[in-house]
Structure formats: C-alpha cells, structure tokens
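Colleague: predicted model and sequence below, questions to follow.
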Amino acid sequence: MLDISEFRDNDSVIRADHDKRKIPHNKIDKVIQLDEEWRRAVFDQSLARKKRNDAAKLISNAKKAGNSEEMKKLLAEVKDLGTKIEDLDYTANQLIEKRDAIRMTIPNILHNEVPIGDDEKSNTLHSEFGKKPEFSFSPRTHNELLEINKWAELPRAAKITGSRFYFLKGDLARLEMALQSYTVDFMLKKEYTLIHPPTMMNRKAYEGVTDLGDFETVMYGVQPDGYYMIATSEHPLTAMYMDEIIEPSILPIKLVGVSPCFRREVGAHGQSDKGIWRVHQFTKIEQIIISHPDDSWNFHEEMLENCIELWNSLGIHYRVVNICTGDMGTVASRKYDLEAWLPGPGEYKEIVSCSNCTDYQANRLRMRFRTPDGNSSVHTLNSTAVATSRALVAIMEQYQLEDGRVNIPKVLQAYMNGQKIIEPTII
RNA sequence: GCGACAGUCGCAUAGCCUGGUAUUGCGCAGGAUUGCUAAUCCUGUGGGUUUCACCCGCGCGAGUUCAAAUCUCGUCUGUCGCGCCA
C-alpha cells in the first residue's frame, strides 16, 4: 500500500506510474477525493469531541463545587452531543475504510529501470550463466524421466488429493532433501538466520503481504479457523514483524525460510504443466531481508548475487531477466527472475523470483523503525533461493543420461553420501 | 476442552477497587555541559488533523454514562493448573 502522503503531495508520481502500466487514473482520483472528505469529517468530529470534553470538565468542576443548578444546566446542553458524535464517527469511518480499500488495490511505484511492456515478452535479458548442455541423444522431458525411473507417483497422488499433487520417491526424494540442506547451508554462510515459519496465517496478516486477488486464485483457506495456507515462506517471514517499531540498530534483518508452499493455481492449464513443474505443494527455501529504505536497492542486488552464486554452484545453465511493467504484479517495485534452460521442451522457464517490495508491504503491515523525525516504514525484499520441485526439474533435464538416469551435481554429492548418480526406484 | 489470572506508548511499570488531563524507570534519538574510555542535566520517543492547538489511543468489539484505561458483557491472545496428546 502506498503511503497516503504520496496521494496528497506527490500524486504525479503515481499517475506517471499508472501511465507506464497502462492503467486508468480513476482509482487515484477516488482516493484523493475520499481523503479530502475524510479529513473534513475528522475535523468536524474533533470539534464535536472537544465540545464534549470541555463540557465534561465543567461538569466535573460544578460537581466538586456542589453547584447542582449549574450541573443540570450543563447536562441539558450536552444531552444530544453523544448521538451527534456517533454520527460523525460513523461518517468518518466509512470514508477512511472506502479510501483504504481502494488504496490497497493500487500497485507499488515501479523502479525507473523496469522495462516497459505488456507481458513477459517484453522482459529484458540481464545476464546469462553456464552453457546449454549438449546431448548425443534426444533429451527427455522431466516428466518422461519421472516415469522411466519411478521417481514420482502422480495418478496415485491424484487419488488421495487431486491433480497436481505428487508422491516423490526413492533417490529423487533424497535429492530433494540434499538440495534443501545444501541451500540452507549456503545461506547460513551468508549469515542469514534460518527460520521454519508457521504454514498457515490469519487473514489480517496475510492482507499485509499479498495482492487481494490472491485470496481467490492462489491461497487455500483452512476452515473452520479462517486461516490460509502459505503460498511461500516470504509471507510469514515478512509479516513476522507486523505492528512493530524496529530499533534501527537491528537492521538489516536477514532470514532464510524453509517451508512447504501451497498454491491453488486456479486457471493454470496446458502441456507444460505435466509432471512436477507446476504443482499445488512444493518446498521452497527463501531469502528475506527487512532493511532501512536507503539500503534496499543494494540488498536487492545482494540477493540476486546470492542466487547467481548458488545456481552456478549447482552447474545449471540459466539466464536472468528484468521483469517488465506488464509482468510485474502489485507488490514489487522491481523484480529479477532466473530462468533455467529445460532441454526437454527446449525453453527457459522461471525458477527464481527476486523482488524489492520497498515500503509497500511494510506500510500495510505497519512495520516501522525509529528516526529522529519520527517513525518511518522499513523496506522488505524477498527472493527464492531454491524451489525444490523446479530445481529438481532443471537438474533432471540438464544432468540426464542416455539411459534416463541423472548425474548428481557435484556440490550435492556430499549430501547424498557421495553418490554420483540417482538411480531408478525399484517399486 | 475446562478453570484461574493477566494484556497500559520500543521494553518494563503505576493508575483500575472508589469513572473526571497516561505515571515512573530503562532503552533509543537530539541538545547542553563537563572532560578521559564515560558521567550528569534538558528535550523528545503510539496515531491523526485545518499542527503555536486540538482529537483519538490503555489487546479487540459492544454496552452503561455528560464523561470509561477504570464499571458491565462478549471476544482474542498469553501464563499457570487440570484434561487430552505426537
């Protein structure tokens, strides 16, 4: 959520941003209008309350002085003030609720260097690492590899839950654990603090970290308690400090979260969704930084550097792209994606997303730090380190052998008791 | 799940019985002063507005009242005890 002062003093910035995103200005106008109405209502409300407070003081004095005549007179004067104040309160509350309901849906201000364009085709290449692996045979898709090696049970998972769930089996399940351990150790060396968060969140906290539309399309609700399964550990880790005033001396807060992630994936279809690429549940290791606003752009680069070092160490060929205006979403101000080369389908596909959300989440969550001139919102940043299902797909496809088995990236072998190849599952 | 107690500004506290201007300490920030690894003093330290002032704010919500941190009801969270349990 953008700070209200942006609408009062700086609306041209928001308008210019809307132009870049090709969205109309009507919501901005509405927020400004409601804000003006609210401020008038609050002023009237304050006057009425002052009147009541003054009267209450006089009544108190009259009572102490034992002047019951005076008291009766004063009481008669303020008799109807209570209802009047209630009405004014109601009006003011209605106005600010409307104002903020709209303000919540207005997206973050984009960084200057975000490329302009309508969809992912306009994302621009930032950098590229590794080389496309060459095969003396026709490389298989990860889905074919899963079947040949019995590394996953998809139809059986569909029986007990539904489509897009999976049982991971045998060596591939072990590789998943190795990947988690390796990634966590990697992040610990960067002095991030490991966190296992709650896997469910209440509505209030969740509204602070995500686009409201996600409640319909992304998150699973948990009844009867009204909780939501987390779509990523970014959400609990970022919301962890909600409603707090943080001492600036503890900034930056650097966290590495490990959690299962749950996504409904409403509206997702197609051939590319076979296998475990796009699933309702997966495990993700996530980087989170809560920082002073002056430092956030440096930390955004730091998180990207961490990803690059990590994925280079896994020996995966991928490219980094700058996400363009049309592909950005509501919360981030700037976003890099890592896209791994998948030899099976012959495409680059997203494996990492690295965002600076500036003060957008912090404003909603009321996460502030002290400054000499009062409190000011922190910045929040998040980046995937590794989403295990997608990392496994990239490893399987890029490290595959002619017989369908898969070499284990060197850095993971120590986490697999020295094993060098993952073998088919027996049953 | 049951019962008792608790929730007050970053932290810790007083105020609640008996309704009438949110107390004190610590931490943090700014300033002053002294000068030796620091001390002392002053100021500030929840949110809002038409900002020399005023309004709101004592977990949240409702009620009683001219007036609620204070009384009543509901609710949430925590602590302890009991029960259940990996």
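Modeller: Okay, I see it.

Colleague: surely A:Asp294 is in a helix?
Modeller: Yes: using DSSP: H, G, I helix; E, B strand; the rest coil, the assignment for A:Asp294 is a helix.

Colleague: got a pLDDT number for A:Ser376?
Modeller: Looking at A:Ser376, its pLDDT reads 87.

Colleague: cool, A:Ser272 as well?
Modeller: For A:Ser272, the predicted pLDDT is 61.

Colleague: contact residues of the stretch 1-150 of chain A facing RNA strand B?
Modeller: Counting by C-beta under 7 Å from any atom of the strand, the residues of the stretch 1-150 of chain A lying close to RNA strand B are A:4, A:39-40, A:42-47, A:49-50, A:52-57, A:59-60, A:63, A:75, A:78-79, A:81-82. Bear in mind the C-beta positions are built from the backbone N, C-alpha and C, glycine included.

Colleague: so is A:Phe369 in a helix, a strand, or just coil?
Modeller: strand.

Colleague: test my guess that A:Pro107 contacts A:Thr330.
Modeller: Yes: counting by C-beta atoms under 8 Å, A:Thr330 is a contact partner of A:Pro107 at 4.4 Å.

Colleague: neighbour count winner among the two?
Modeller: The neighbour comparison of A:Pro107 against A:Thr330 (other C-beta atoms under 10 Å) goes to A:Pro107, with 22 against 17.

Colleague: check whether the more buried one sits in a helix, strand or coil.
Modeller: Once three-state DSSP is applied, A:Pro107 turns out coil.

Colleague: kindly report the same for A:Lys254.
Modeller: Classified using three-state DSSP, A:Lys254 is strand.

Colleague: look up how far RNA strand B lies from it.
Modeller: 20 Å (C-beta to the nearest atom of the strand, to the nearest Å).

Colleague: so who does that residue touch?
Modeller: Shown in contact with A:Lys254 (C-beta atoms under 8 Å, 6 or more residues apart in numbering): A:Lys190, A:Glu191, A:Tyr192, A:Thr193, A:Gln287, A:Ile288, A:Ile289.

Colleague: who's it bridged to?
Modeller: Beta-bridge partners of A:Lys254, counted by DSSP bridges, are A:Ile289.

Colleague: pLDDT score for A:Phe215?
Modeller: 86.

Colleague: correct me, but it touches A:Tyr228?
Modeller: Yes: under the criterion of C-beta under 8 Å, A:Phe215 makes contact with A:Tyr228 at 7.3 Å.

Colleague: those two: which has the busier surroundings?
Modeller: Per other C-beta under 10 Å, whichever of A:Phe215 and A:Tyr228 has more neighbours is A:Tyr228, with 23 against 14.

Colleague: mind checking the SS state of that one?
Modeller: strand.

Colleague: list the contacts for it?
Modeller: Counting by C-beta under 8 Å, 6+ apart, A:Tyr228 has contacts A:Met200, A:Met201, A:Asn202, A:Arg203, A:Tyr206, A:Phe215, A:Met219, A:Tyr220, A:Gly221, A:Val222.

Colleague: among those residues, the buried ones, what's the PyMOL command?
Modeller: The buried residues among the contacts of A:Tyr228 can be selected in PyMOL (16 or more other C-beta atoms under 10 Å) with this line:
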select buried, chain A and resi 200+201+206+219
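
Colleague: which among the contacts of A:Tyr228 gets closest to RNA strand B?
Modeller: Lowest distance from RNA strand B to the contacts of A:Tyr228 (C-beta to the nearest atom of the strand) belongs to A:Asn202, with 8.7 Å.
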